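K.L.:
Mind folding the following:
(2 chains)
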Amino acid sequence: MEPIIRARNIAKSYGDDIAVRDVDFEISSGECFGLLGPNGAGKSTTINLLACQFPLTSGQLTISGLAVGKENRKIRSQLGVVSQSDNLDDALSVLQNLRVQGRYYNLDKHTVNQRSQELLDLFDLSHVGEKSIDTLSGGMKRRLVIARALIHQPTILILDEPTTGLDPQVRQLVWQRIRMMKEKGVTVVLSTHYMDEAFQLCDRVAIMDLGSIVAIGTPSFLISKYAGDQIIDINQSAHTPSFQHLVNRLQKMNILFFARSGQSISVTYTGEEMDWIVDLANSAPRPATLEDVFLRLTGREFKN
Amino acid sequence: MASTDHKHFSKSIFGHTLTNRILAIMVFSFRVWQRNLDSFKRQWRAEAGGFIIEPIVMLSAMTFGLGGFVGSIDGISYGSFVTPGIIVAYAMFHSAFEATYGAYMRMETHHLYDGILTTPVAVEELILGEVVWAATRSIAAGICVLTTGFALGLVHSWFSLLTVIVAFFVGIIFASLALTLVSKAGSLGTLNNFFTVFITPMFFFSGIFFPLTQMPQIVQTVVSWLPLAQATTLTRHLTTGQLTSGTLIPLLGLLLWTAITVPIAIIMMRRRIIR
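P.N.:
As a prediction, the model looks like this:
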């Protein structure tokens, strides 16, 4: 299947600061694609490049076969963009926020009114339609920002950290709606700091660090490739030997490990020959997660 | 597959011919203008005083207060002398405030530009929409002063109705100058300089309150190039009905200012927003 988004060696720099360097990826139509990475890894810049917010420094980016930079208006008319900050229009009511957005896409009044109502229902906001923005809770604002991005029924939905700062209930609602869009065939690109979010929603994820993609694939593929099946966590305490000693020993034995923090190491458990580590850690191996992959690939300490 | 609304767009808006582009610029600038109108409609009560009460107070003070001492200038009553300048000065103030503090807040405080620029609206259309909106407020301000002038018997010609058009061009010019400053502004406070250094001095030295013939020749020459002075001269010809071939000079001046300031504002703002 022809990918709906195709990035070839895309790069973005501001003067000497390189935000994104030679990034390559393809996203299929109907896929949910996640961007993970520490702060400053280039996730938001990548998202903004997809949203045609500024010119590429180099490389080619095509969306629905249209070149970013040449056909921005056509591309933008197919994109729904949810930015990191709640950039709602405080001077307007909830309903007006949706209507004004619909007009930017040149939708006729009837369509806009009908869809606004549907979206308010879908995002549990119908009771606040006439309220002004400053009376809304943080969760309501976030829901409205997402609803607003759907007014023109985009074929691609781009979300920059959609659930940061939300309570668990709102988070679940947002996840459900994203899944619903995916079921309708909408391609979803999202950036997130939450590994469970990426694991729950994304068909594939790319892990970014220092402006590059360091790993890309399905969550389960990345877990088995970079973290293995099971993990043992060793926390430094009075009972453990010095970390430097332990690190040296693990390196000598070619055992995969990574730092969780300065006081904690995680080791990939491969079988009974490693039971000495289980004894050392004084805890049973646990299943590996996407977070282990993330910490291993983007960790700064004990990097191996 | 999600239904694709971009099909509903008339194809021409996406085209690359000159006609297509002009159509798109008009449509999408209008969308930005409409957003500002919606916002204004929600809070016009708070602004009504600035539009209605201020002109009444200003023209009454000039006519019945100062006018009593001054008598007449160039053969017309002081109130009639001052009114045309006040029309364009109010047009200037409303547009300048809107395109400085208003635009800066929309851009930096509320991040509205970021949101709008993820839609099919292009940055040039966004800025043009802002300029035309500010000028629309100038028209409203001009109409309020003109109506007050009519009520107080200070305007003497039906040509006065054309001052609304002058107010519009004044609005365009000062909104463009204001946005050019906004494109370089690091904080809201920077914008104060626009008023203290530029707008307020211009208000007092554009021949609104006294004829420029009082001033040294060099000052007269410099001032005659200022847009507010040109607008004042043009408007005074209209409200007094004394149209001459000399009326064309300030008219051309304003058109020149428009042709220069609008593209500069668009280019400078684009440079600020898209990096």
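K.L.:
near chain A, which residues of the stretch 51-200 of chain B?
P.N.:
B:His110, B:His111, B:Leu112, B:Asp114, B:Gly115, B:Ile116, B:Leu117, B:Thr118, B:Thr119, B:Pro120, B:Val121, B:Ala122 (Cβ under 8 Å from any Cβ of the partner chain). All C-beta atoms are positioned from the backbone trio N, CA, C, and that covers glycine.
K.L.:
go with 6 Å
P.N.:
Contact residues (Cβ under 6 Å from any Cβ of the partner chain) of the stretch 51-200 of chain B with chain A: B:His110, B:His111, B:Leu112, B:Asp114, B:Gly115, B:Thr118, B:Thr119, B:Pro120, B:Val121.
K.L.:
Sort out for me which of the residues you listed are in helices.
P.N.:
Judged by DSSP state H, the subset of these located in helices is B:Leu112, B:Asp114, B:Gly115.
K.L.:
circling back: tell me the two of the residues of the stretch 51-200 of chain B next to chain A that are most distant?
P.N.:
B:His110 and B:Pro120 (20.5 Å; Cβ to Cβ).
K.L.:
Show me what from the stretch 51-200 of chain A comes close to chain B.
P.N.:
Counting by Cβ under 6 Å from any Cβ, the stretch 51-200 of chain A sits next to chain B at A:51, A:54, A:73-74, A:76-78, A:81, A:85, A:87, A:89-91, A:96, A:100, A:103-104, A:106, A:152-153, A:155, A:184-186.
K.L.:
Among the residues you listed, which ones are in helices?
P.N.:
A:Arg73, A:Lys74, A:Arg76, A:Gln96, A:Val100, A:Arg103, A:Tyr104.
K.L.:
Could you check how many residues crowd around the second one?
P.N.:
Here the count is done by other Cβ atoms under 10 Å in any protein chain shown, and A:Lys74 has 19 residues near it.
K.L.:
That one against A:Gly65, yeah?
P.N.:
No. Taking contacts as Cβ atoms under 6 Å, A:Lys74 lies outside contact range of A:Gly65: 10.0 Å.
K.L.:
still on that earlier bit, ok, and the most crowded of the residues of the stretch 51-200 of chain B next to chain A?
P.N.:
Going by other Cβ under 10 Å, B:Pro120 tops these with 28 neighbours.
K.L.:
Pretty sure that one sits against A:Arg73.
P.N.:
Yes. Counting by Cβ under 6 Å, B:Pro120 touches A:Arg73, with 4.8 Å between them.
K.L.:
ok, back up a step: out of the ones in helices among the residues of the stretch 51-200 of chain B next to chain A, who's nearest B:Arg45?
P.N.:
When these are compared against B:Arg45 (criterion: Cβ to Cβ), the nearest one is B:Leu112, at 22.1 Å.
K.L.:
Give me the nearest residue to the closest one, chain neighbours excluded.
P.N.:
Nearest non-adjacent residue to B:Leu112, counting by Cβ to Cβ, 6 or more residues apart in numbering or on different chains: B:Arg106, 4.5 Å away.
K.L.:
In the helix or strand B:Ala175 falls within, which residues are buried?
P.N.:
Assessed by DSSP states H and E, B:Ala175 sits inside helix B:163-182. Residues B:163-164, B:166-182 are the ones in helix B:163-182 that count as buried (16 or more other Cβ atoms under 10 Å in any protein chain shown).
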